[in-house]
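**Q** Next come a sequence and a model predicted from it.
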Amino acid sequence: YDNLYRAAVSRAEADWLVGINCTRALTCKYNAQLSCGRVQTPTLSMIEKRDEEIRSFIPKTYFTISAAAGHVNYLWKDQKTKSTRIFSKERSEKIQKRAGNGELTLTKVDKKEKKTYAPLLYDLTELQRDANNRFGYSAKQTLNIMQRLYETYKLLTYPRTDSRYLTADIIPTIAERLEAISVGPYRSLASKAKQTKLSKKMSFVNDAKVSDHHAIIPTEQFVDLAALSSEERKIYDLVVRRFLSVLYPPVVYEETMISADLGGEIFQARGKRMIKMGWREVYESEATQSEEDTDGLKEQNLPLLKPGEVFENPVIRVQAQKTKPPRRFTEATLLSAMENPVRYMESMNTKMAKTLGETGGLGTVATRADIIEKLFNNFLMEKRGSEIYLTSKGKQLLKLVPQDLKSPELTADWELRLQAIAGGKESDKDFMREINHYTRSLIEEIKSADGKFCHNNLTHTKCPACGKYM
């Protein structure tokens, strides 16, 4: 464990040295409380990049063509690109004209039985994302609630985990855990889950994918739901239902794809028929969200149809729509971006990208909530509704900070070195010596920069002592 210890100490000291020195240098030079660090500055930079994408976005008009016949809506689909969007008005008018003087003939009716398995168990980031999407809780709030459920009530396992799997030694305890949650709304669900044959071959059991803590699941402690606050109930409910769902069979449904010919153009429709509810039973009260359709076809209830059927005079509609800019970050999507910051990297170095993926991106599950909170508390970013915007202070800081500190590459580079220290392939002393030099060079860079910081809280009154604006 000595090498692991050396790597951990080096990481802590390197972060501290770079963070504290650059923060002091910026604060002294610009006479403003400006903080920066290896994780918080790239996080801000990702928000700035998204802002830039939104600002420079030019919406394009595109057209979709639908045909309604026999209580089914069909959508035109390009057979080469598989897209339902047409970006040329002339082309859409030609297709409309061809389709307008024909009858709709069904050419193909494909039925396939498909299965979907329950999503994996929660790690902290996934839970924070879900809680933000559903209840609007901040990452820090979710972590605090989790901490209470773990520490005070002893109802859930250790929250600060980055694994979504269980180890094989947990399997024998599952029956007892199911017994503990067999109360109120979970009683019948738990009794059904008890019938599942438990084995080490289950999809959510994988020792190799658990580093220090397994996924978040309920403990063997009996629960008194009345003792929990409404916030605690909501988070507890998320974890319990996710735990129950992985013990349920998959959802089985029949998917029907229909292709039709209309004036030599291909129109398609898709439908779904549920065969077995499977793990969806655990979420019975919630509307079943249909998976995001990448091809633009919406799910619909289809009547029984056979190839060769013909429908006369289908109703054809052309709709003009505009492409939408990327969405602003919410806490949920910012957590995702911190977990996987590869698309925000300047250099597309595959080794670095892989390292960032393996080490869990920017920050760790335990620190991300605090970093987001810190950026809010330092007024570098703010929330409007659920969307995150940079403040003028945040924008100015990004102009004044050394370029190196803004990119996720720095984290990737450090992690590669720290992995080498943990594996005994590199000396921690060499690494720290380089960090010392690096920190000095960053301070010099800040000192010699000719940036300016405009305080947005300056008055028009001069100080009688020094003559500067107060």
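**A** Noted; the coordinates are in hand.
**Q** What strand or helix carries the nearest residue to residue 173 once chain neighbours are set aside?
**A** Of all residues not flanking residue 173 in the chain, residue 220 sits nearest, at 6.6 Å (C-beta to C-beta, 6 or more residues apart in numbering). (C-beta placed from N, C-alpha, C; glycine too.) Secondary structure assignment for residue 220, by DSSP states H and E: no helix or strand.
**Q** Residue 220 contacts residue 172, doesn't it?
**A** No - taking C-beta atoms under 8 Å as the definition, residue 220 is not a contact partner of residue 172, at 11.3 Å.
**Q** can you give me the helices in the protein?
**A** Counting by DSSP state H, the chain has helices at residues 2-30, 40-55, 89-100, 124-135, 139-151, 174-180, 187-193, 230-246, 331-339, 350-358, 368-377, 392-400, 409-422, 428-448.
**Q** How about the longest one, which residues are buried there?
**A** Right, the one you point to is helix 2-30. 6-7, 10-11, 14-15, 17-19, 21-23, 25-26, 29-30 (16 or more other C-beta atoms under 10 Å).
**Q** Now do it: distance to the chain's middle.
**A** Taking the mean of its C-alpha atoms, helix 2-30 sits 28 Å from the chain's own mean (C-alpha atoms, centre = their mean, to the nearest Å).
**Q** Hey, what's the angle from that helix to helix 40-55? Just curious.
**A** Helix 2-30 and helix 40-55 are oriented at 60 degrees to each other (axes from the mean of the first three to the mean of the last three C-alpha atoms, to 10 degrees).
**Q** Show me what the mean pLDDT comes to for helix 2-30.
**A** Here helix 2-30 scores 96 as its mean pLDDT.
**Q** From the contact counts, what lies against that helix?
**A** Here helix 2-30 touches helix 392-400, helix 409-422, helix 428-448, going by 3 or more C-beta pairs under 8 Å, 6 or more residues apart in numbering; DSSP states H and E.
**Q** now do the last one
**A** Using 3+ C-beta pairs under 8 Å, 6+ apart as the contact definition, the elements that helix 428-448 packs against are helix 2-30, helix 409-422.
**Q** tell me the average confidence for that helix?
**A** Helix 428-448 comes out at a mean pLDDT of 97.
**Q** So what touches that helix?
**A** Defining contact as C-beta atoms under 8 Å, 6 or more residues apart in numbering, one finds that helix 428-448 is touched by 6-7, 9-10, 13-14, 17-18, 21-22, 25-26, 29, 400, 402, 404-405, 417-418, 421.
**Q** Give me the buried positions along it.
**A** Buried, per 16+ other C-beta under 10 Å, within helix 428-448: 428, 431-432, 435, 439, 442-443, 445-446.
**Q** Which of the helices and strands packed on helix 2-30 sits closest to residue 379?
**A** Residue 379 lies closest to helix 392-400 among the helices and strands packed on helix 2-30, at 5.4 Å (C-beta to C-beta).
**Q** Quick one: residues in contact with that closest one.
**A** By C-beta under 8 Å, 6+ apart, helix 392-400 touches 26, 30, 32, 34, 36, 41, 44-45, 47-48, 375, 378-381, 390, 406, 446, 449, 451, 453-454, 456.
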